[in-house]
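> Coordinates only, no sequence provided:
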Ligand SMILES: Cc1ncc(COP(=O)(O)O)c(C=O)c1O
């Protein structure tokens, strides 16, 4: 956490209570793909606020919920009819995707991946594949959750290795016909911005089809235009059964969703899903405006162009220092991984990463680290941020790295 208290924000900039200006490369952890306080989002929320702020959808339904569901149904990949359930947080979306998968399949077990992050409630912590700082001390977690390695070639885990581990789980731990769902982030967020290889996603789809298992794509961080598509999994051509969405779909207001096959979601009877604030009118109004902004401002294309620019600049930086050992991304979901060389080997450097985040903040840039080794800097700048501001932020990263590695 930065010891900086926010006072106001606009698009890719934040000002603190002392009047200092910061460029925001964190976006409140991937919530602000359309920037802080996008004027169209603000206007839509204001207008909704003048009508009503709450009825509870299960008590008295309202049009923005239905309209948003229809729009997400149309955007979700796959030809089969879709339905959408709205909730409030990302964790709640994942919880509900699991409930739906269990009801539909009549099975209980779940498979998730090392390094995956799915939230902070008990089920989602159980699914999360990173002990420190998320799980340690908070167990026990729900039973029948199994973890396979996420393929990251950079750290020696190939697609074949991950697939072999999945087969091993089915051989040694749980029979596949007891598995309700496999959940995966198409691009890991907290885990380190690793892109799931598309052939791996296709293999997962085939494995799910073979055993009647549902495939859940957790798009909470990677979705909502971050990778240049509304849903990151679209890049692979794989059609998941359920998709979880949150963060940037609400443009700064809390709303989350489970979007998926209508026949799967319809397995749950009336009253089985919901929540007092689930799909709040303000959240729905904000998300409808976010989808308008995607269309009207060419956000998907802009995300791809922004990603190319980020990759180019970061590659140039990596050519100047051996401390940047990897530059990767999908669309504008881009990261660098920092290493120190010891005996000719690449050793993750979480200390340098921490120093970079700290020094950048002093120089007016909010950065976020992530990754299993704490050595990744992820970039989640507003896709609507101007080229000048993005470059100003990248210049700060470059200058900080020069300072920190000068010795
Ligand atoms: C991929 C993924 N899933 C789930 C969550 C949990 O969302 P929330 O913090 O809104 O509960 C997050 C949050 O970072 C996430 O990145």
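Everything's here; your move. If you're wondering where the values come from, they're calculated on a predicted model, not measured in any experiment. Residues are numbered from 1 along each chain as shown.
> what about the residue in the stretch 301-407 of the chain that the ligand sits nearest to, how many neighbours?
Closest to the ligand within the stretch 301-407 of the chain is residue 370: 9.5 Å, counting by Cβ to the nearest ligand atom. For glycine as for every other residue, the C-beta is placed from the backbone atoms N, C-alpha and C. Here the number of neighbours of residue 370 (other Cβ atoms under 10 Å) works out to 25.
> Now do the same contact list for it.
189-193, 335, 376, 378 (Cβ atoms under 8 Å, 6 or more residues apart in numbering).
> Whichever of those end up buried, select them in PyMOL.
Selection command for PyMOL covering only the buried members of these, criterion 16 or more other Cβ atoms under 10 Å:
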select buried, resi 189+190+191+192+193+335+376+378
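> Run through the contacts of residue 370 and flag the ones next to the ligand.
189-190 (Cβ under 6 Å from any ligand atom).
> So which of the contacts of residue 370 are in strands?
If you go by DSSP state E, the contacts of residue 370 have 335, 376, 378 in strands.
> Could you pull up the residues touching the first one?
The one in question is residue 335. By Cβ under 8 Å, 6+ apart, the contact list for residue 335 reads 192-193, 327-329, 370-371, 376-379.
> Averaged over its residues, which helix or strand of the protein has the lowest pLDDT?
strand 345-348 (a mean of 87; mean pLDDT, DSSP states H and E).
> any idea how far the residue of the stretch 301-407 of the chain closest to the ligand is from residue 380?
Between residue 370 and residue 380 the distance is 10 Å, computed by Cβ to Cβ, to the nearest Å.
> Distance to residue 177 added to the contacts of residue 370, as TSV?
Shown next, in TSV, are the contacts of residue 370 (distance: Cβ to Cβ, whole Å):
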residue	distance to residue 177
189	31
190	31
191	29
192	33
193	34
335	38
376	37
378	38
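> Between all of the contacts of residue 370, which two are separated the most?
Pairwise distances among those were taken by Cβ to Cβ; the largest, 11.5 Å, belongs to 190 and 335.
> show me where the stretch 1-150 of the chain has strands.
Remark: strands assigned in the stretch 1-150 of the chain by DSSP state E, counting those that start in this stretch are 6-10, 13-16, 21-24, 82-87, 109-113, 145-148.
> Neighbouring strands - and their directions - for the first one?
Sheet pairing for strand 6-10, assigned by DSSP bridges, gives strand 13-16 (antiparallel).
> and the strand it pairs with, which residues are buried?
13-14, 16.
> ditto for stretch 349-358
Going by neighbour count (16+ other Cβ under 10 Å), the buried part of stretch 349-358 is 349, 352-353, 355-357.
> what do you get for stretch 342-349?
Buried, per 16+ other Cβ under 10 Å, within stretch 342-349: 346, 348-349.
> Any chance of JSON lines for those, columns distance to the ligand?
Formatted as JSON lines, the buried residues of stretch 342-349 follow (distance: Cβ to the nearest ligand atom, whole Å):
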{"residue": "346", "distance to the ligand": "26"}
{"residue": "348", "distance to the ligand": "21"}
{"residue": "349", "distance to the ligand": "24"}
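> possible to save the strands of the stretch 1-150 of the chain as CSV with distance to residue 102?
What follows is the strands of the stretch 1-150 of the chain, written out as CSV (distance: least, Cβ to Cβ, whole Å):
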stretch, distance to residue 102
strand 6-10, 40
strand 13-16, 41
strand 21-24, 39
strand 82-87, 15
strand 109-113, 9
strand 145-148, 12
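> since we're on the closest residue to residue 120 other than its chain neighbours, how many residues are nearby?
Counting by Cβ to Cβ, 6 or more residues apart in numbering, residue 120 lies nearest to residue 91, which is 5.9 Å off, once chain neighbours are set aside. Residues near residue 91, counting by other Cβ under 10 Å, number 23.
> Could I get the contacting residues of residue 91?
118-121, 124.
> Which neighbouring elements make contact with the top helix by length along the chain?
Longest helix in the chain by number of residues, with DSSP state H as the criterion: helix 299-320. Identification of packing neighbours for helix 299-320 by 3 or more Cβ pairs under 8 Å, 6 or more residues apart in numbering; DSSP states H and E yields strand 324-330, strand 333-342, helix 387-405.
> least reliable of these going by mean pLDDT?
Mean pLDDT per stretch puts strand 333-342 lowest among the helices and strands packed on helix 299-320, at a mean of 92.
> Buried residues in that strand, which are they?
Within strand 333-342, the residues that count as buried by 16+ other Cβ under 10 Å are 333-340.
> Walk me through which strands that strand pairs with, and which way each runs.
Assessed with DSSP bridges, strand 333-342 is paired to strand 324-330 (antiparallel), strand 345-348 (antiparallel), strand 376-379 (antiparallel).
> what angle do the longest one and helix 299-320 make?
Which is strand 324-330. 170 degrees (axes from the mean of the first three to the mean of the last three Cα atoms, to 10 degrees).
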